[in-house]
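# Sequence unavailable; structure follows:
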Ligand SMILES: NC(=O)C1=CN([C@@H]2O[C@H](COP(=O)(O)OP(=O)(O)OC[C@H]3O[C@@H](n4cnc5c(N)ncnc54)[C@H](OP(=O)(O)O)[C@@H]3O)[C@@H](O)[C@H]2O)[C@@H](O)CC1
Ligand SMILES: Nc1ncnc2c1ncn2[C@@H]1O[C@H](COP(=O)(O)OP(=O)(O)O)[C@@H](O)[C@H]1O
Ligand SMILES: [Mg+2]
């Protein structure tokens, strides 16, 4: 796209942090992933697993009660807190200080969940990634957008973007409206697609990694986990968004010769995170 800054390995390495030898899990950052509902617990499993596989020291998932066994059994590394309600979230409540929060995958838009999100946004000061149904809830209640902390990262696909900014008549208008939204609420928009654009105020970044293998259920849920993990590791929000989107795409580029397009699934993004991070470190040498 004209006037956009390309995201590639070279640009990423300007701020990519290698792991310090003396670090420990307590200082690697604690991510909190909030979401899931009956029938959509897979989404929060994917986000949580992607977060722990992207370098943060601790991950907690906050989910409705029905997902307790599902998350504990699928990802033993992840801690779990449950809502009082069985099938969907009704009150967001936790007793520790996460360094970053990712909210929305599989969350649903039940009216009690909507109120829970509003109450939470009123008190939350942590860096945050807002995705999927959390975005849809904000689309239904636009006055709540002013509750977002500066540089909150919103990760809509096109339909979610439309629910936030309304319809557009051309690509130019879409970008202009997204820039206006980013400025009005002082948020970073990760506009997911092929390619993904990151819009921060008037600056547009364009990702160069990734391919059509990513067109599969749960790919975005994984991205939310990766970006939340990077935020928890003290990357600033713009850097976390850019690095997260690049690494996410890179997994599919590395995997493609081995998996092909058809058989690549969201869990493969997580499976190839190791090779993606290693390839950044190799390039750095
Ligand atoms: N395993 C699990 O638990 C999973 C759970 N998940 C959870 O489900 C919830 C609903 O999320 P969702 O995104 O599936 O539904 P929704 O917001 O109605 O959007 C769908 C419509 O949007 C459009 N569209 C989408 N992308 C587009 C694009 N790039 N470019 C253009 N259009 C695009 C397209 O519309 P169409 O083009 O058909 O009009 C499509 O039909 C959410 O909480 C999520 O986290 C999922 O993550 C899957 C795995
Ligand atoms: N054809 C494509 N080329 C590159 N990336 C794609 C393509 N299709 C989808 N993606 C990426 O996959 C992810 C899909 O996210 P999303 O629609 O939220 O999925 P889900 O809600 O199922 O997790 C985004 O990061 C998007 O950029
Ligand atoms: Mg999604």
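Received the coordinates, thanks. What you are looking at is a predicted structure, and each value in this text was computed from that prediction instead of being measured. Ligands and ions are numbered 1, 2, ... in the order given.
# Residue 85 contacts residue 93, correct?
No - Residue 85 is beyond contact range of residue 93, at 11.4 Å (criterion: CB atoms under 8 Å). No exception for glycine: its C-beta is placed from N, CA and C like everyone else's.
# which of the two has more neighbours?
A direct count of neighbours by other CB atoms under 10 Å for residue 85 and residue 93 places residue 85 higher, at 17 against 14.
# Tally up the residues packed near the spatially closest residue to the more buried one that is not a sequence neighbour, please.
In space, not counting the residues next to it along the chain, residue 85 is nearest to residue 64; the distance is 5.7 Å by CB to CB, 6 or more residues apart in numbering. Neighbourhood size, residue 64 [other CB under 10 Å]: 26.
# Return the residues in contact with residue 64.
Contacts for residue 64 were tallied using CB atoms under 8 Å, 6 or more residues apart in numbering; they are 36, 37, 38, 82, 83, 85, 86, 87, 88, 89.
# Out of those, which end up buried?
For these, a burial check counting by 16 or more other CB atoms under 10 Å picks out 36, 37, 82, 83, 85, 87, 88, 89.
# In a helix, the fifth one, correct?
What that stands for is residue 85. No - under DSSP: H, G, I helix; E, B strand; the rest coil, residue 85 sits outside any helix and is assigned coil.
# Can you tell me how far it is from residue 120?
Distance, residue 85 to residue 120, by CB to CB, to the nearest Å: 15 Å.
# for the first one, same thing?
To residue 120, residue 36 is 15 Å away according to CB to CB.
# now the residue in the chain that ligand 2 sits nearest to, what's its secondary structure?
Per CB to the nearest ligand atom, residue 220 is where the chain lies closest to ligand 2, at 2.0 Å. Counting by three-state DSSP, the backbone at residue 220 sits in helix.
# Based on its surroundings, how many neighbours for it?
Number of residues near residue 220 (other CB under 10 Å) recorded here: 23.
# For it, give me its contacts.
105, 131, 132, 155, 157, 192.
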